[in-house]
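>>> from the sequence below, what's the structure:
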Amino acid sequence: MELILNDSKKTSDRIFALEKVINKFRSNNFSNSDLLDLEMLYNKREAFMESLPSFTIKRKIDTLKKNHKKNKFYSAKTSSDKIEFNSVEYVRKISIPLEYGKFLYFFCRRLRFSRILELGTGFGISTMYLLQALKRQPIGFLTSVEKSFDYAPYYKNLFQEFNQKKYALVIGRKETALTELLDCSSFDLVFQDADHSKEKLVPEIEELLRVMRSGSVLILDDINWSRDMQSAWKLLTKSSYLAYHTEFSFDGKQRPRFGILLKR
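Numbers count the residues shown, from 1 in each chain. Here you go, the predicted structure:
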């Protein structure tokens, strides 16, 4: 049975609902329509990645190199964790790995969020998973904010199958969108995959937590991306606005990628 997180006013019930959905995902409790959607999304994701021109991949890799030097990422402990900047596969990996895209779809669909804000559209892969979940419910709207115009030419083909009344893409400065364009109090789910620095991330998330209504959820991507991100996540988990927080890896064994926050 699908849940609506804000149906209950009890924090304990909301926490139970979150944990129930996470456990169902890990136990592969997918419906037939879920499986059809996820197969379609996988094929669309792969076709899109294969279609990216080499100069776009090179630009993305150059950005990763710059951020790697700036943020002082962890040295890899195993060969499978090594960051290889000459690999298109790595670009695929950072554009929401397959299992995490599936989780976004499953999480959104089961908890039936009606107003979603995505910060950092990037290549649009996570956006696509969220939109497909919204497509399965009668109401729901996604607003995705991306500062770079580099990706914009690809969005038309990637999102052409989705009802344009279900989403809005905002290209421009995130700070402007959050302060001037968007009523952040109306969102019941925020997915943050933009800034990866504590200096910018912590005050931004604190402000979102302040204005969002009780029972709203924020998902932070890449909480173990760097020491700086780990420090930011640790600080945010102590926020006075929180009722609950948890870290998520798709199998419960890998180093967590998502941080999930529930507004009290």
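
>>> all strands for the stretch 101-250 of the chain, in order.
With DSSP state E, counting those that start in this stretch applied, the stretch 101-250 of the chain shows strands at 115-119, 141-146, 167-171, 189-192, 217-220, 242-248, listed in chain order.

>>> center of this protein, which residue is that?
Closest residue to the average C-alpha location of the chain: Phe191 at 4.1 Å, with Cα atoms, centre = their mean.

>>> ok, residues contacting the longest helix anywhere in the chain?
When the chain is parsed with DSSP state H, its longest helix is helix 32-51. Applying Cβ atoms under 8 Å, 6 or more residues apart in numbering, the external contacts of helix 32-51 come out as 30, 88, 91-92, 95, 98, 101-102, 105-106, 109, 123-125, 128-129, 132, 136, 154, 157-158. Glycine gets a C-beta too; all of them are placed from N, C-alpha and C.

>>> any of those residues buried? List them.
30, 91-92, 95, 98, 101-102, 105-106, 109, 123-125, 128-129, 132, 136, 154, 158 (16 or more other Cβ atoms under 10 Å).

>>> circling back to that earlier point, my read: the residue nearest to the centre of the chain touches Gly122, true?
No. At 11.2 Å, Phe191 does not count as touching Gly122 under the criterion of Cβ atoms under 8 Å.

>>> which regions of the stretch 51-200 of the chain lie under the pLDDT threshold?
Low-confidence segments of the stretch 51-200 of the chain, defined by pLDDT under 70, are located at 53-94.

>>> how about the helices in it?
Listed in chain order, the helices of the stretch 51-200 of the chain (DSSP state H, counting those that start in this stretch) span 54-71, 88-94, 98-111, 125-135, 152-158, 174-176, 198-211.

>>> sorry, back to before: residues contacting the residue nearest to the centre of the chain?
For Phe191, the set of contacting residues under the criterion of Cβ under 8 Å, 6+ apart consists of 104, 116-119, 126, 130, 218-219, 221.
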